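Trainee: show me how the following folds:
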Amino acid sequence: MQYQSPHTFHVPVMGLAYTIDSPIKVARFGINSVISIIEDRLVEMMRKHYYATIGETYEPISTSEEDYRAKRITDYLNLVNRIVQNQVSKVKAAAFEAGTEIVKYFEMLPADSKLRQLYVQMTKTDDREEKKKMQEYLRTQVRAGRIDVNIMTKVDKENHNKGGELLKDGSDAVSALRGYANSDLGNSAVVFSAGLNPRLFNYLENCSAFDIGEDGTFAKRVIVKVSDYRSALIQGKYLAKKGIWVSEFRIESGLNCGGHAFATEGFLLGPILEEFKLKKQELTDTIFAIYNASVEKRRGSEITNVPPLTLSAQGGIGTFEEDRFLHQYYGIESTGWGTPFLLVPEATTVDAATLELLCAAGKNDVVLSGSSPLGVRFYYLKGTSGEKERAARINKGKPGSPCTEKHLSFNNEFTEEPICTASHKYQQLKIEQLQLLNLSNDEYQQQVMQVTEKECLCIGLSNAAAIAYDQPFVKKLNAVTICPGPNIVNFSKVVSLQTMVDHIYGRENIIAGNSRPHMFIAELRLYIKYLEEQLLHDSRANGLLKNKKYYSAYYKNCRDGIAYYRQLPAIAGSGKAAFHQDLVEAERSLDELAFAYNITE
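Mentor: Below is the predicted model of the structure:
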């Protein structure tokens, strides 16, 4: 039987460092979390740190070793798994007394959990023998949360050996996948984000770890993060042809999540979830027909039972009411609570200075920036040491960063070997080019700003762990970048793991005031703001006419989304009136924008 989480939420991947060891912090309480495994130097640093904590000898895996990236990842995941299993054994052995971890385990479960109800019943039982029997049964039900991993499919730089030869199956993402596949993690999943990568997905055919077992379950599963139904269908069918079953589609808001933002063409999360809800069976049947044919061709026998295909969702969730609505109305199995967990040191790894900035973040402190070298818009917290370091380099006339990791080295504009657009080398060459173009001063300054806005994410998103654990990462490079979603402004203090879980399940409220809009309203406003920015940019660049068809479709899709939200049943509970007033105001803003730029048709 496939593993079932005792919780209804998960901690999604955040940055590189922020959830790098989250399973060690939360898995013993049955909570699923996701590790980014693309930055192997960070993984190696964490190996060194955690071997010391458990008294085992740390043996470095050198970059001179063959397939060192995969080996580092495999060993780290095995190490994390070993630590978590030992933790779970201790939880099971703990006394049912106030303050112990076994009590914490059961007290954090959702109220409608049968295990929690049994636990509560046990605490009220006076019969000693009956209480003891109930306690022993409860011990057997303690389960570790899943240790999942994330691979951002776009981060797949090719690598070469010392002789300059291309390494077969040696690209960043493929090496990371191999590292995960070779690990001893069971009841686990790899989460693919950022779209279809043929090279990476084709490599899955070589990984027997993802094959379906005789009992119809998977030791290692595939989860695909998507922003709409069409993407799920395309990627699900592609993988099915390779004999890979997608066990879960993780539906993410295009603009209301942290990190890289993959905006849709004005399609809002509510209507997207509705389409998944209505077409889930069709999606399952379509993918299974292809998958079954592929498996039959490979092993000569059909699969009689369709494997489960579940849906999860994430993006700006902030209240128990929102969370419950996603589960009950859309049939979502698990909700991703990312950004709020950045303020929970028991769950994520954030250095003290950055944690302070997160607590103080206001609505103007989180910006949808152009900072990512991937060329994808990126949520960015202002005031970090990463931003200050970047500004200092610009002021010294030496913009750009040293490029030690090279994971985002994809640009061939000036060099035969790809380089990163955040690197000093690229920015120097690009600015020299701009100086020769006879641009007006305003245009020149604007383009230079777009060049120098790019920031090193490999180091910036890793350093929090290096600082928190006092471990060397990259010498003399200590700046931190962090990428919370806009939802961070609603959470203003550091809280315990139990407090955050109680907030998720409606037992506590940690949001100050009542000015926070519903998550669907917040996303709608973000889409309107995004449209306004795009229209303004294109109007200045004389690109409005060329892109009018796109803008008209975007406007229509937002309008359709508003109409959809109007007919949803009791979406906001006691805040229903405010929700519908917010819709009226958003529609007015959208219409004014559309008429001003003549994109209504």
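
Trainee: quick one: K548 and I599 touch, right?
Mentor: Yes. When contacts are counted by C-beta atoms under 8 Å, K548 is listed as touching I599 (6.1 Å). C-beta: built from backbone N, CA, C; applies to glycine.

Trainee: quick one, which of those two is more surrounded?
Mentor: I599 (21 against 15; other C-beta atoms under 10 Å).

Trainee: any idea how far E413 is from that one?
Mentor: I599 sits 32 Å away from E413, going by C-beta to C-beta, to the nearest Å.

Trainee: could you check how far S22 is from V306?
Mentor: Distance of S22 to V306, computed by C-beta to C-beta: 32 Å.

Trainee: between the two, which is the more surrounded one?
Mentor: When S22 and V306 are compared for neighbours, S22 comes out ahead with 28 against 16, by other C-beta under 10 Å.

Trainee: chain neighbours aside, what residue packs nearest to that one?
Mentor: Spatial nearest neighbour of S22, excluding adjacent residues (C-beta to C-beta, 6 or more residues apart in numbering): S33 at 3.9 Å.

Trainee: after the strand or helix carrying the one you found comes which helix or strand?
Mentor: S33 belongs to strand 32-36 when assigned by DSSP states H and E. Per DSSP H and E, the first helix or strand lying C-terminal to strand 32-36 is helix 40-53.

Trainee: run through the neighbouring helices and strands of that following helix.
Mentor: Using 3 or more C-beta pairs under 8 Å, 6 or more residues apart in numbering; DSSP states H and E, the elements in contact with helix 40-53 are helix 68-93, helix 463-468.

Trainee: rebuild these as JSON lines, extending it with mean pLDDT and distance to F9.
Mentor: What follows is those, written out as JSON lines (pLDDT from 0 to 100; distance: least, C-beta to C-beta, whole Å):
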{"stretch": "helix 68-93", "mean pLDDT": "98", "distance to F9": "18"}
{"stretch": "helix 463-468", "mean pLDDT": "98", "distance to F9": "23"}
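
Trainee: which of the ones you listed sits most buried?
Mentor: helix 463-468 (a mean of 24; mean count of other C-beta atoms under 10 Å).

Trainee: check the offset of that one from the chain's centre.
Mentor: Averaging C-alpha positions (C-alpha atoms, centre = their mean, to the nearest Å) puts helix 463-468 19 Å from its chain's average.

Trainee: and it, what does it pack against?
Mentor: Using 3+ C-beta pairs under 8 Å, 6+ apart: helix 463-468 touches helix 40-53, helix 352-360.

Trainee: and those, which is most packed in?
Mentor: Highest mean neighbour count of those: helix 40-53, a mean of 20 (counted as mean count of other C-beta under 10 Å).

Trainee: what angle separates that helix from helix 68-93?
Mentor: 40 degrees (axes from the mean of the first three to the mean of the last three C-alpha atoms, to 10 degrees).

Trainee: helix 40-53 vs strand 32-36, what angle?
Mentor: If you take the same axes, to 10 degrees, helix 40-53 sits at 120 degrees to strand 32-36.

Trainee: break this structure into its domains for me.
Mentor: The chain breaks down into these domains under automatic domain parsing: 1-87+143-204, 211-315, 517-601.

Trainee: mind listing the helices for the stretch 401-550 of the chain?
Mentor: For the stretch 401-550 of the chain, helices defined by DSSP state H, counting those that start in this stretch occupy the ranges 424-435, 441-452, 457-460, 463-468, 497-504, 519-540, 548-566.

Trainee: and for the stretch 201-350 of the chain?
Mentor: Secondary structure of the stretch 201-350 of the chain by DSSP H, counting those that start in this stretch: the helices cover 229-241, 269-299, 320-330.

Trainee: now these as CSV including mean pLDDT?
Mentor: Output for these, formatted as CSV (pLDDT from 0 to 100):
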stretch, mean pLDDT
helix 229-241, 98
helix 269-299, 97
helix 320-330, 96
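
Trainee: and R588, which of those helices is closest to it?
Mentor: Smallest distance to R588 across the helices of the stretch 201-350 of the chain (C-beta to C-beta): 19.2 Å, for helix 269-299.

Trainee: buried residues, the closest one. List them.
Mentor: By neighbour count with 16 or more other C-beta atoms under 10 Å, helix 269-299 contains the buried residues 269-276, 280, 283-284, 287-288, 290-292, 294-295.

Trainee: where do the helices sit along the stretch 51-200 of the chain?
Mentor: 68-93, 101-107, 114-123, 128-140, 172-181, 198-203.

Trainee: just put these in CSV and tack on distance to Q433.
Mentor: Below are the helices of the stretch 51-200 of the chain laid out as CSV (distance: least, C-beta to C-beta, whole Å):
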stretch, distance to Q433
helix 68-93, 34
helix 101-107, 58
helix 114-123, 63
helix 128-140, 67
helix 172-181, 28
helix 198-203, 31
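
Trainee: G513: which of those is closest?
Mentor: Short answer: helix 101-107, nearest of those by C-beta to C-beta, at 27.6 Å.

Trainee: distance of the residue lying farthest from the centre of the chain from Q121?
Mentor: Distance to the chain centre peaks in the chain at D127, reaching 46.9 Å (criterion: C-alpha atoms, centre = their mean). Plainly put, D127 is 12 Å away from Q121 if you go by C-beta to C-beta.

Trainee: before we move on, the earlier item: list of residues touching the strand holding S33?
Mentor: If you take C-beta atoms under 8 Å, 6 or more residues apart in numbering as the criterion, strand 32-36 is touched by 5, 7, 10-13, 15-16, 19-23, 25-27, 77, 80, 145-150, 152, 191, 334, 347.

Trainee: in PyMOL, select just the buried ones from the residues you listed.
Mentor: Here is the PyMOL command that selects the buried residues among the contacts of strand 32-36 (16+ other C-beta under 10 Å):
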select buried, resi 5+7+10+11+12+13+15+16+19+20+21+22+23+25+26+27+77+80+145+146+147+148+149+150+152+191+334+347
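
Trainee: can you tell me which of the contacts of strand 32-36 are in strands?
Mentor: H10, V11, I147, D148, V149, N150, M152, V191, S334 (DSSP state E).

Trainee: of all the residues you listed, which two lie farthest apart?
Mentor: Largest separation among the ones in strands among the contacts of strand 32-36 by C-beta to C-beta: M152 and S334, giving 20.1 Å.

Trainee: what about the protein, any weak spots by pLDDT?
Mentor: 1-2, 570, 572-574 (pLDDT under 70).

Trainee: what count of nearby residues applies to T140?
Mentor: Applying other C-beta under 10 Å, we find 8 residues neighbouring T140.

Trainee: ok, now how distant is the nearest residue to it once chain neighbours are set aside from R146?
Mentor: Among residues not flanking T140 along the chain, K92 sits closest, at 7.9 Å (C-beta to C-beta, 6+ apart). Distance of K92 to R146, given as C-beta to C-beta: 18 Å.

Trainee: and for A94?
Mentor: 22 Å.

Trainee: I'd like the helices of the stretch 201-350 of the chain as CSV, with distance to E39 appended.
Mentor: Listed next are the helices of the stretch 201-350 of the chain as CSV, based on distance: least, C-beta to C-beta, whole Å:
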stretch, distance to E39
helix 229-241, 24
helix 269-299, 29
helix 320-330, 31
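
Trainee: show me the contacts for the residue lying closest to L535 once chain neighbours are set aside.
Mentor: Leaving aside its sequence neighbours, L535 sits nearest to Y597 (C-beta to C-beta, 6+ apart; 4.9 Å). Under the criterion of C-beta under 8 Å, 6+ apart, the contact list for Y597 reads L535, S539, L544, Y551.

Trainee: count of neighbours near the first one?
Mentor: When neighbours are defined as other C-beta under 10 Å, L535 has 21 of them.

Trainee: what about the nearest residue to V451 once chain neighbours are set aside, neighbour count?
Mentor: With sequence-adjacent residues excluded and distances taken as C-beta to C-beta, 6+ apart, V451 is closest to K430, at 5.0 Å. Neighbour count of K430, defined by other C-beta under 10 Å: 22.

Trainee: for A391, same thing?
Mentor: 12.

Trainee: number the residues from 11 up from this point.
Mentor: Got it, first residue is 11 now, which makes that one A401.
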